[in-house]
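*Asks:* predicted model and sequence follow; I will ask about them next.
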Amino acid sequence: MSRILELREKRAKAWETAKAFLDTKRGEDGLISTEDTTVYERMETDVVNLGKEIDRLERQQALDLELSKPVNTPITSKPTTTGDVKTGRAAEDYKEAFWKAMRSKNSVEIQNALQVGTDSEGGYLVPDEFEAVLIQSLEEENIFRQLAKIIQTSSGDKKIPVSSSKGTASWVDEEGLIPDSDDSFGQSSLSAYKLATMIKVSEELIQDSVFNLESYIAKEFARRIGAKEEEAFFIGDGSGKPTGIFHSSGGAGIGVTTASATALTFDELMDLFYSLKSPYRKNAVFVTNDATVKTIRKLKDGNGQYIWQPSVTLGQPDTILNKPVRTSAYVPTIAASAKPIAFGDFSYYWVADRQGRSFQRLNELFAATGQVGFKATQRVDGKLILTEAIKALQMKA
């Protein structure tokens, strides 16, 4: 904890030093020399690297806390029968049988216990407790899941009624006819697209009781699935995958188009801010990539103050115009016609998880190389329910 706070203070001081250097090196024309630009960019790189190290330490701290939890609880008194007995995928015998099936070829005993969790593709639905670990891991890997609204679906498409226009009141004379003014409703549908990955583990590792198979699969699932999910939630085209917020159809509305194809101004960011209706600004965040943040860091407001502010508080993100900034590698970079920034309330982007993630052990596929395969599948969809809830900044064509 103290190391993270120390790095946050160091980053804040480094940023103040970089700003002061930039201000003192500007000429009468407002520009700085090539040599001073090189020095400033090196200072800025140090600030970026410190931020990344802080993020790594915070993720490591969260994982250490999760993995340090005890795997069992010692019995200190006579067990009681109070409370409901867990059944189905929450049952202890199902969880025990599931991990036996993952570590060794199935026996009759294991097959019988796993019948409650057999899916339609020949795998086994993960136990309830383990599925919760997977969901948590996805949230750590995937910033979009921290911002969006997550819902669970069991089967079929999820139909969501959406109000497309609001009715109004009218002034009428006494005993006059009151005009009709109804709300109009549309409908948005969330289905389930399949996302899959293959994990290979050597037979020696599986047989080694020291190797934590559960932890390894959870981390690998989070890393692989989380990356593909986040990419689709940002730039997916809706064909075999979710529709991303930057897609031209079904994505965020255009809040402002820049005057340049390669540069941003403070006024354009301010226009983007106010292009979003005020009710959505309450919980709004900026989402962009590291390269665009580097450009924004050099922008000042009318009082000569930098609009980007680094966070010095543990767990709090950096801000632009007093709104949090989140970054993702899947947000487009600054280029002609690109959309490098989104600003809005991301809770109006719904992520629909089809209940049950499936794992299947493949004993023979990689037998020649002394490995066992694990096929992991997930069914998920995502869609922006109200396009007006998020606005994008688009670069000039």
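*Replies:* On my side now, so go ahead.
*Asks:* so for stretch 198-209, mean pLDDT?
*Replies:* Across stretch 198-209, pLDDT averages out at 77.
*Asks:* with stretch 221-237 instead?
*Replies:* Confidence over stretch 221-237 (mean pLDDT, whole number) is 89.
*Asks:* could you do stretch 301-311 as well?
*Replies:* Averaging pLDDT along stretch 301-311 gives 81.
*Asks:* buried sites along it?
*Replies:* Y306, I307, W308, Q309, P310, S311 (16 or more other CB atoms under 10 Å). Placement of C-beta: from N, CA and C, glycine included.
*Asks:* show me what the fourth one is bridged to.
*Replies:* To tie it back to what came earlier, the one meant is Q309. Beta-bridge pairing for Q309 (DSSP bridges): T319.
*Asks:* wait, it touches D318, no?
*Replies:* Yes: using CB atoms under 8 Å as the test, Q309 is close enough to D318 to be in contact (6.5 Å).
*Asks:* is it true that I54 touches I4?
*Replies:* Yes: contact status for I54 versus I4: in contact at 5.9 Å, counting by CB under 8 Å.
*Asks:* between those two, point out the one with more neighbours.
*Replies:* I54 (21 against 17; other CB atoms under 10 Å).
*Asks:* residue contacts, D301?
*Replies:* Contacts of D301 were listed using CB atoms under 8 Å, 6 or more residues apart in numbering, and they are F266, I307.
*Asks:* neighbours around K228, how many?
*Replies:* For K228, the count of nearby residues is 18 (other CB under 10 Å).
*Asks:* spatially nearest residue to it, not counting backbone neighbours?
*Replies:* L195 (5.9 Å; CB to CB, 6 or more residues apart in numbering).
*Asks:* now the helices: where do they sit in the stretch 1-150 of the chain?
*Replies:* Ranges of helices in the stretch 1-150 of the chain, per DSSP state H, counting those that start in this stretch, are 2-24, 34-67, 92-103, 108-113, 128-141, 143-147.
*Asks:* between the ones you listed, which has the poorest mean confidence score?
*Replies:* Taking the mean pLDDT of these, helix 108-113 comes last: a mean of 42.
*Asks:* which residue ranges make up the domains of the protein?
*Replies:* 1-68, 87-118, 124-162+183-397 (automatic domain parsing).
*Asks:* ok, which of those comes nearest L177?
*Replies:* For the domains of the chain, the distance to L177 is smallest for domain 124-162+183-397, at 20.0 Å, taking CB to CB.
*Asks:* and the closest one, how far out from the chain's middle?
*Replies:* 4 Å (CA atoms, centre = their mean, to the nearest Å).
*Asks:* and for whichever helix or strand T295 is part of, what's in contact with it?
*Replies:* For T295, the element it lies in under DSSP states H and E is helix 290-296. With CB under 8 Å, 6+ apart as the test, helix 290-296 has contacts from 44, 48, 263-264, 269, 288, 307-308, 318, 320, 325, 327, 329, 331, 333-334, 340-341.
*Asks:* okay, and which of those residues map to helices?
*Replies:* E44, V48, L269 (DSSP state H).
*Asks:* quick one: low-confidence parts of the stretch 251-397 of the chain?
*Replies:* Counting by pLDDT under 70, the stretch 251-397 of the chain shows low-confidence ranges at 355-356.
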